[in-house]
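> following is a predicted model, sequence given first.
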Amino acid sequence: MRRESEKLRIRRQLRELFRSLDFALDRSGSGKGPAKDQGRFAEIYQQLGLAWELLGLQCRHWDGYRRTREGRMVCRICGKVEGAGETWLVLPGEGRKRIGRMVTPASRKTFPEKRAATVLEDGIEFHGARLGVRVHHAYESSLAGQRITIAAERSVTLRERGVRCSVDDQLVVVRLEDADGRAGRRRFGGFPWELSRRVLRNFPVILEFDDRDRFLGLTIFRPRQPARRPGGPRGRARDSRGGARAGGPSAPAR
């Protein structure tokens, strides 16, 4: 019901706008009246054209497209040409926001470079969270002097408060971005059954599965950031036994 009312509103406003456009066009190019007035109506026509563009962004092309005499397919409501790019975006202040559509690699061709193979590379910062989408066809690249082919894929990356989650056609990767900057630290990886219990106790991860032992998902507890002691980074740090670390002042005897 809400979609139908939105459709009727857009249709009514566009019809009123089209009548205003016709009126301004007729007054600007009729040759009647002072030239000064004709120039004003020409400016009004240009401003109404901008209003047409912005109002058309709210149209979802509910009634489909029709073919014009020139052979183009245009929306039956707003008149937008099918497949034409958008310069502006109009989003509702409340409710669900929608930008673009689902895009996936559709070509079986292998392109000579990444730039030519790129279909979409876009991003948005939404209420503090950063979202990026990349879609590309297969393309040729080089690795250690050897020519390789990068497979076509669609990848989505979400960044939120030091956590980066990437989803593509093959993998779902969750990574703590704070850990990427730890200089001098080697990175390791392994399946859970390959690791010892001593190592697993350091990973705050809960695996979820059903009664048939099928993997359903996982829950990761965010590691706690070490609390800063009064006095800032110069404050005395203690080891696991409660004593001061080497190089710091001695602890008073009790």
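Arrived safely, thanks for sending.

> show me this structure divided up by domain.
2-75, 114-181+189-220 (automatic domain parsing).

> rank the ones you listed by mean pLDDT and give me the bottom one.
Within the domains of the chain, the stretch with the lowest mean pLDDT is domain 2-75, showing a mean of 81.

> G132: neighbour count?
15 (other Cβ atoms under 10 Å). From N, CA and C alone the C-beta is placed, and that goes for glycine too.

> looking at this, it is in a helix?
No - G132: not assigned to a helix; according to DSSP: H, G, I helix; E, B strand; the rest coil it is strand.

> do a quick rundown of the helices in the chain.
In chain order, the chain shows helices spanning 2-29, 35-56, 114-117, 177-180, 197-200, with DSSP state H as the criterion.

> using TSV, please lay out those helices together with mean neighbour count.
Compiled in TSV, those are given as follows (neighbours: other Cβ atoms under 10 Å):
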stretch	mean neighbour count
helix 2-29	13
helix 35-56	14
helix 114-117	14
helix 177-180	12
helix 197-200	9
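
> for L131, find the nearest of those helices.
Taking Cβ to Cβ as the criterion, helix 177-180 is the member of the helices of the chain that comes nearest to L131, at 15.0 Å.

> dump the helices of the chain to CSV, plus distance to A152.
Formatted as CSV, the helices of the chain follow (distance: least, Cβ to Cβ, whole Å):
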stretch, distance to A152
helix 2-29, 34
helix 35-56, 33
helix 114-117, 8
helix 177-180, 27
helix 197-200, 36
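
> tell me which of those helices lies nearest to F126.
Distances from F126 to each of these were compared using Cβ to Cβ; the shortest belongs to helix 177-180, at 18.1 Å.

> hmm, back to that, of the domains of the chain, which is nearest S107?
Nearest of the domains of the chain to S107, taken as Cβ to Cβ: domain 114-181+189-220 at 4.7 Å.
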